[in-house]
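>>> need a structure here:
(2 chains)
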Amino acid sequence: MINTKYVREHLAEIRETLKNRGSSFPLDELLSADEKWRKLKTEYQALQFKRNKASLEVSAAKKKGQDIKEMVSALAQLKDQMEGLESEIPKYEEKIDSLVWNIPNVLDKAVPIGTPPEANKILKIKGDPKRKSGPNHEEILTKLGLLDVERAAKTAGSRFYYLRGDLVLLEQSLLRYALDKLSKKGYTPVLPPFMLRKKYYRGVAPLGVFEDALYRISEAKEVSGMKDAEHLDDELFLISTAEHPLASMHAEELFSGADLPLKYAGISPSFRREAGSHGKDTKGIFRVHQFDKVEQFIYCRQEDEKKYFDELLANSEEILQELDIPYRLVLLCSGDTGHQMSKTIDFECWFPGQGDYRELGSCSSAGTWQSMRLDIKYDDKNERRYASTLNNTAISAQRTLACLVENYVSKDGSIEVPEVLVPYMGKSRITG
RNA sequence: GCCGGGGUCGCCUAGUGGUAUGGCGGCAGCCUGCUAAGCUGUUUAGCUAGAAAUGGCUUCUGCGAGUUCGAUUCUCGCCCCCGGCGCCA
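Have a look, this model is predicted:
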């Protein structure tokens, strides 16, 4: 279990963060449960001390061949006292546990305070939208026979799709292009499990607020005598991003300082229920239940966090510039920054069909939020410190396809292949 | 899925119903003139006292439950690893 020491030591910051995020997290409830827990725990430990001492005396007496009957019955009384506390303490532990895993991350000082969209801060605008408006990607792709959402709606439901023909090759080209680029920069490609146990999922994202966004694919096994909290191993969730299995990968590990940073390029499908987004972005493949993504992920020493955040962001900018997509960087405000993140910069790209910039990915620092919950540390001289974890989209394939198509469609309805992808496609134009 | 073996500190390893062994590595210190070695201490997590230096205590043998005054040891369930068999893309 994650401990509350961190909370007590960072109380002022946490209070401020909760206020700035507009969070309803019941901090005082957590603190009072924690206070009560520590009181009982201290009491219990004093009894354990008594028991240990007495047990030794029993042991010594037994060795000398003395009668231990009386000593044993005295100890039985002590046992009753301990049992009372043993049933009391877990109540508070469960309470603390249910709260502390979901406590929001402390925001980075750079994060603007306020609510979206006004308080989000546009940091940079790069590239000129060549076309201000145009057909949306669904129209373009359906006309070419490369996208079929109707049949997917029939077989799997809304927000699913069949990609066909050259669009599949273009999708794979994008992913491979991103993998190759990151691989050359020293990021290790990783194809992770597409499912994660609840035990680890709750360490990478606050399940209390996040669980509705995930597909749960197996029910907990019924095991007699087991309480809910104890069969966490048996519940699996489909991953909503490769970030999650990448962050869990090194759970419960201790790095030597020289091992860090670790840089990964994860490739996987992402599954999202998109609960609560009814009616939003229903056209085409912009917002779907399943998409493919190459994700950048870094474990680093705490003091290197900023450096690698900048590196991750620079990688994304390089990719967008090579794909020649107009984009802007947006620093998310306190009200828009994800629960487990301390800072997030979205990159939003120009969609002529929508006449607007839309998110293609986001670069985030989780600070030590994930590593504290997953127990990921490194040796720093004679101290063990929690590693910082950072993540950033490299290519979110379906969304990027949508964006590319709208920017690269020609008057005749065919699609020009971006130059960097031509070697992967083996052709420079898609005509359906 | 079945049968067998296993899981002990960062790594390796001993042990057995009564204070968890030793080594390596790491860290701190000491000694020493030669590319190093040696010696000593330390090494999970937490509660607590103190301004601090530093103490006291609990906890840690994969996870959880049971038996017991006491479980690393005995019993049961679960997870994982290794070997064999079966099934299978």
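
>>> If you average pLDDT per helix and strand, which one of chain A comes out bottom?
strand A:216-218 (a mean of 75; mean pLDDT, DSSP states H and E).

>>> Give the next helix or strand downstream of it.
Past strand A:216-218, further along toward the C-terminus, the next helix or strand under DSSP states H and E is strand A:236-238.

>>> Could you name the helices and strands sitting against that next one?
strand A:195-197, helix A:198-204, strand A:216-218 (3 or more CB pairs under 8 Å, 6 or more residues apart in numbering; DSSP states H and E). Placement of C-beta: from N, CA and C, glycine included.

>>> Turn the ones you listed into TSV, including mean neighbour count.
Conversion of the helices and strands packed on strand A:236-238 to TSV gives the following (neighbours: other CB atoms under 10 Å):
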stretch	mean neighbour count
strand A:195-197	19
helix A:198-204	22
strand A:216-218	13
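
>>> Nearest to A:Ala60, out of the ones you listed?
Closest approach to A:Ala60 among those is made by helix A:198-204 (42.5 Å; CB to CB).

>>> can you give me how far the closest one is from the chain middle?
Distance of helix A:198-204 from the chain centroid (CA atoms, centre = their mean, to the nearest Å) equals 9 Å.

>>> With stretch A:246-265 instead?
15 Å.

>>> longest helix of chain A?
Longest helix in chain A, counting residues (DSSP state H): helix A:27-63.

>>> for the record, mean pLDDT for that one?
Mean per-residue pLDDT for helix A:27-63: 88.

>>> Repeat that for stretch A:169-183.
98.

>>> now A:Val7: how far from A:Asp108?
18 Å (CB to CB, to the nearest Å).

>>> got it, and A:Glu243?
The gap separating A:Glu243 from A:Asp108 is 18 Å, by CB to CB.

>>> Not counting sequence-adjacent ones, nearest residue to A:Gly335?
A:Thr115 (3.9 Å; CB to CB, 6 or more residues apart in numbering).

>>> Quick check: that neighbour touching A:Cys333?
Yes - counting by CB atoms under 8 Å, A:Cys333 is a contact partner of A:Thr115 at 6.8 Å.

>>> So if I had to pick from these two, which one is more boxed in?
Between A:Thr115 and A:Cys333, counted using other CB atoms under 10 Å, the more crowded position is A:Cys333 (22 against 13).

>>> could you say what helices and strands the helix or strand just after the longest helix of chain A packs with?
Sequence order places helix A:69-100 as the next helix or strand after helix A:27-63, per DSSP H and E. Secondary-structure packing of helix A:69-100 (3+ CB pairs under 8 Å, 6+ apart): helix A:27-63.

>>> buried set for the helix it packs on?
A:27, A:30-31, A:33-34, A:36-37, A:40, A:44, A:47 (16 or more other CB atoms under 10 Å).

>>> What parts of the stretch 1-150 of chain A come near RNA strand B?
Residues of the stretch 1-150 of chain A lying close to RNA strand B (CB under 7 Å from any atom of the strand) are A:3-5, A:38, A:41-42, A:45-46, A:48-49, A:51-56, A:58-59, A:62, A:72, A:75-76, A:78-79.

>>> Tell me where chain A has helices.
With DSSP H as the criterion, chain A has helices spanning A:5-9, A:11-21, A:27-63, A:69-100, A:137-144, A:149-155, A:166-184, A:198-204, A:207-210, A:243-249, A:305-323, A:369-374, A:397-408, A:422-425.

>>> Break chain A into its domains for me.
A:5-100, A:121-430 (automatic domain parsing).

>>> Can you get me the start-to-end distance on the first one?
The reference is to domain A:5-100. One end of domain A:5-100 to the other measures 11 Å (CA to CA, to the nearest Å).

>>> Check stretch A:372-392 too.
20 Å.

>>> Do it and RNA strand B come into contact?
Yes - using CB under 7 Å from any atom of the strand, stretch A:372-392 reaches RNA strand B at A:377, A:379, A:381-382, A:384.

>>> between those residues, which is nearest A:Ile298?
A:Lys377 (15.9 Å).

>>> In space, what's closest to the closest one - neighbours in sequence excluded?
Nearest to A:Lys377 is A:Arg384, by CB to CB, 6+ apart, at 4.6 Å.

>>> Many thanks, we can stop here.
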